[in-house]
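Predicted model, plus sequence, below.
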Amino acid sequence: MSDTREKPVGEISLDREGLFLEQTFTDLKAGSIQMLTPVKDDGSKDDSRAPLFVGEAHLMSPSGPVPVRCEIPAKTLSEAIDKFPQAVNVAVDRMIEQAKELQRQEASRIVTPGEVAGGPKIIV
């Protein structure tokens, strides 16, 4: 069991010091860039924090489109646009490595009698 516990709805609150205004920019072809501008709790821009940029693209696979989300290390939207292809490629490479690792783990897993491969043990 995990140490993290879910909070009841009544205990959930927003972090007033960590608010961002979300804006999405897209070319309607390759993908989109989400710019997260830091704001204060009155909605005014918070110049003490840097904006964050997140890229999103959908790559086609034999199983259909695969969404790819990635952080883009940039200080401006223009810089984020320039770094978008590299950030997506890094995210795709990471996804491929994770999939290969999962395949390696599954291939090296020992199946015991009474256990269905890839599933829980069957108890009769």
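Done, it's in.

beta partners for the residue nearest the centre of the chain?
Of all residues in the chain, the one closest to the mean position by CA atoms, centre = their mean is Arg69, 5.1 Å from it. Per DSSP bridges, residues listed as beta-bridge partners of Arg69: Glu56.

Distance of it relative to Leu14?
Distance of Arg69 to Leu14, given as CB to CB, to the nearest Å: 22 Å. For every residue, glycine as well, the C-beta is placed using N, CA and C.

Check Gln98 too.
On the measure of CB to CB, Gln98 and Leu14 end up 31 Å apart.

Likewise for Phe53?
Counting by CB to CB, the gap from Phe53 to Leu14 is 22 Å.

ok, now Asp93?
Distance from Asp93 to Leu14, counting by CB to CB: 34 Å.

just to revisit the earlier point, more crowded one of Phe53 and Leu14?
Per other CB atoms under 10 Å, whichever of Phe53 and Leu14 has more neighbours is Phe53, with 24 against 8.

Then that one would be within a strand, right?
Yes - secondary structure of Phe53 (DSSP: H, G, I helix; E, B strand; the rest coil): part of a strand.

Hmm, Ile33 and it touching each other?
Yes - if you go by CB atoms under 8 Å, Phe53 and Ile33 touch, sitting 5.9 Å apart.

Skipping adjacent residues, who's closest to Leu77 in space?
The shortest distance from Leu77 to any non-neighbouring residue, by CB to CB, 6 or more residues apart in numbering, is to Met35 (5.8 Å).
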